[in-house]
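Enquirer: I need the structure of the sequence given here:
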Amino acid sequence: MASKLGRWALLLVSLWLAGCSGLLFYPEPGLPITPERAGLAYRDIELQAADGTRLHAWWLPAKAGTPVKGTVLHLHGNGGNLAWHLGGVHWLPEQGYQVLMLDYRGYGLSAGKPSLPAVYQDIDAAFAWLEQAPEVRGQPLFVLGQSLGGALAVHYLAAHPERRSAVRAMALDGVPASYRDVARHALSTSWLTWPLQVPLSWLVPDADSAIHGIDKLEGLPLLIYHSVDDTIVPLSNGRRLYQAARPPRAFQATRGAHVQTFAEPAWRASLLAFFETPLATLERLETATESATESPQ
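Expert: As a prediction, this is how the structure comes out:
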C-alpha cells in the first residue's frame, strides 16, 4: 500500500508541476511571419525582465500620416507567439493607435520558459519600456488582453497600482475567470478525462486567476468582450468577471470563435469608441444592457 501511495503522490506532484506551466502556457518558438507580411511598418524591440531574461516584442507605429491617438499594450493568449496573434491588432495602426505586442518568455524569439509568477516580470518589462519610450509620452495608454493575456493583465495591474494609474482603460477579450474552472471544462470534453475532471482540475494553480484580482481594479474603465460561441473559455467566464468587477465596467457579448472578436468590423468600431471615450462608452453599454434586461418578454 505504501509503495502505491508513493507512486500516486509522485504522479500528483508531476501533474501539479506541469500545471504551473504546461497547462497554462503553450509557446511556439520562432516567428513564421512578421507584420511586414500584413503590409505593416514595425520595429523589433528587445526587452529584459528583472531576472535577466531577454524578451522580444513588436512595435507597430501608427500609420504614416495618421494622427496618433494613443498606445495599446497587447497581451496575447497562451498558444503560439506574436505571429499567431497579429490578427487581433493589425488594424489598429491604421486607426491612429501604436501597438506594443509582447511575447512572454519562451514564446517566439523570447528566451526562457514561461511560468507563474515569472511571466509577470515580462509584463513589467513591457510597462517599463513604454514608460521611457519617446513615442509614448503624452499619449493615453490602453491595455488589450486576450484570453490568458487578459488574466495576466488583471493580476499584474491588481498587484501594481502604480502601473494601473498610467492606464487610461483596459479591454478584455475571451478571458478565463478561473484557470481551474477552464481546465475542468477542458477535461470534461473528453470521455477519457471526464471522470477525473474534478481531481485533475484541482492540480491547476488558481490563486492568480482573474476572478481574484479584478475587483481591485477600481477606477480603471473596463470593457469585457466574450463570445457566446466560445468553446474554449465558456461565456460564463466573461459574465463572472463582469459581475466581480467594480464600476466603471461593461460586458459585451459577441459571436465567433475564441478571441476572434476583432475580425468583425462592428467590434473593432466598439473598441475604438471605448478607447476614444471610455467612460461615455461604458455608460452607454450599461444603459443598453439595463434596458434590455428590464424590457418585457
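Enquirer: what does the helix or strand Arg239 falls within contact?
Expert: Arg239 belongs to helix 235-244 when elements are defined using DSSP states H and E. Outside helix 235-244, the residues that touch it by Cβ atoms under 8 Å, 6 or more residues apart in numbering are 154, 172, 174-178, 181-182, 210-211, 214-215, 224-228, 249-251, 253. In short, each C-beta sits where N, CA and C put it, glycine included.
Enquirer: ok, now which ones touch the closest residue to Glu218 other than its chain neighbours?
Expert: Distances taken as Cβ to Cβ, 6 or more residues apart in numbering put Arg246 closest to Glu218, at 4.7 Å, once the chain neighbours are dropped. By Cβ under 8 Å, 6+ apart, the residues touching Arg246 are 215, 217-218.
Enquirer: before we move on, what about Pro35?
Expert: 41-42, 58, 60, 86, 90 are the contacts of Pro35 under Cβ under 8 Å, 6+ apart.
Enquirer: Which of those residues are buried, as a ChimeraX select command?
Expert: In ChimeraX, a selection of the buried entries from these looks like this (16 or more other Cβ atoms under 10 Å):
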select :42,58,60,86,90
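Enquirer: how about the contacts of Pro35 in a markdown table, adding pLDDT?
Expert: Putting the contacts of Pro35 into a markdown table (pLDDT from 0 to 100) gives the following:
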| residue | pLDDT |
| --- | --- |
| Ala41 | 97 |
| Tyr42 | 98 |
| Trp58 | 98 |
| Leu60 | 98 |
| Leu86 | 96 |
| His90 | 97 |
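Enquirer: among the contacts of Pro35, which two are most distant?
Expert: Ala41 and Leu86 (13.3 Å; Cβ to Cβ).
Enquirer: Do you have the helices of this protein handy? List them.
Expert: 2-21, 82-85, 119-132, 148-159, 161-164, 179-188, 197-201, 235-244, 265-276, 278-294 (DSSP state H).
Enquirer: coming back round to it: now do the helix holding Arg239, average pLDDT.
Expert: Per-residue pLDDT over helix 235-244 has a mean of 97.
Enquirer: Lovely, talk soon.
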